[in-house]
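Chemist: Sharing a model that was predicted from the sequence below.
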Amino acid sequence: MKVKFCGLTGPEDISVANELKPDYVGFVFAGKKRRVTDEQAAALRSLLCHHIPAVGVFAAEPVEHILQLVISGTIQVVQLHGREDKTYIKKLRTQCDVPLIKAFSVADAADIEAAEQSDADLILLDNGAGGTGRVFPWHLLRLIKRPYILAGGLNLCNVKKAMAYAPYALDVSSGIESNGRKDAAKMRAFMRLVRSQ
Ligand SMILES: O=C(O)c1ccccc1N[C@@H]1O[C@H](COP(=O)(O)O)[C@@H](O)[C@H]1O
């Protein structure tokens, strides 16, 4: 099962990622808590093992900005975490040829249905606006019929249960932090739990 470590902000986080080799790392260009500037993200990308794709996480970002980050090689995958509609996705697709992840906040069966109809390459199921550290009602996952990334409140206590739903990937941010910063011990423990399966 694939793993994405999201919201990396410092060189020390990248060292741990290079050691653990998650399938993706995420740089957040949205919200306040984990937001990085273009320059910070470019510096982090230059330290990151070149086999690990960097995912840019955005919320209703101008397409031109995303394009700049793709062209400069700062990010290799785009994750849309806002209310981007089909027109936005079409515009992005015509201008940049990278895998596209669309996040959906899940509260009920209608949200699952909306996610299933997405034009994105992969859908990501989350609770709320992203980075909240809260889970959504996982029993709704039995309704989903396409591969998905499971996000929202994953941590060392619930990751095994999450894996039983067999998502394409697990995406974790808050659950591998202590005092608002990435915690190397939690990152290692999370990866151990996933890879020991
Ligand atoms: O992490 C953030 O600060 C963030 C801000 C705005 C949009 C998305 C954000 N992160 C995404 O949130 C999920 C899960 O986070 P958590 O494990 O519940 O903290 C993940 O997809 C991040 O990419």
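Modeler: Sure, I can see it.
Chemist: Which residues of this protein lie near the ligand?
Modeler: The interface of the chain toward the ligand, taken as C-beta under 6 Å from any ligand atom, is made up of 6-7, 26, 28, 30-31, 33-34, 57, 59, 81, 124, 126, 129-133, 151-154, 171-175. C-beta here means a position set from N, CA and C on the backbone, and glycine is covered the same way.
Chemist: Which neighbouring elements make contact with the worst-scoring helix or strand of the chain on mean pLDDT?
Modeler: Using mean pLDDT, DSSP states H and E, the weakest-scoring helix or strand in the chain turns out to be helix 86-95, at a mean of 92. With contacts taken as 3 or more C-beta pairs under 8 Å, 6 or more residues apart in numbering; DSSP states H and E, helix 86-95 sits against helix 63-71, strand 77-80, strand 100-105.
Chemist: can you give me how far the second one is from the chain middle?
Modeler: Centre-to-centre, strand 77-80 and its host chain are 8 Å apart (C-alpha atoms, centre = their mean, to the nearest Å).
Chemist: what sits up against stretch 54-70?
Modeler: Under the contact criterion C-beta atoms under 8 Å, 6 or more residues apart in numbering, stretch 54-70 has outside partners 4, 6-7, 24-31, 38, 41, 44-45, 48, 74-84, 88, 91-92, 95-96, 98, 101, 129-130.
Chemist: rerun at 6 Å
Modeler: With C-beta atoms under 6 Å, 6 or more residues apart in numbering as the test, stretch 54-70 has contacts from 24-30, 45, 75-82, 91-92, 95-96, 98.
Chemist: Only whichever of the residues you listed are buried, select them in ChimeraX.
Modeler: Under the burial definition 16 or more other C-beta atoms under 10 Å, those of those that qualify are selected in ChimeraX by:
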select :24,25,26,27,28,29,30,45,75,76,77,78,79,80,81,92,96,98
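Chemist: And the longest helix seen in the chain, what's buried?
Modeler: Among the elements of the chain assigned as helix by DSSP state H, the one spanning the most residues is helix 184-195. Using 16+ other C-beta under 10 Å as the test for burial, helix 184-195 gives Ala184, Lys186, Met187, Phe190, Met191, Leu193, Val194.
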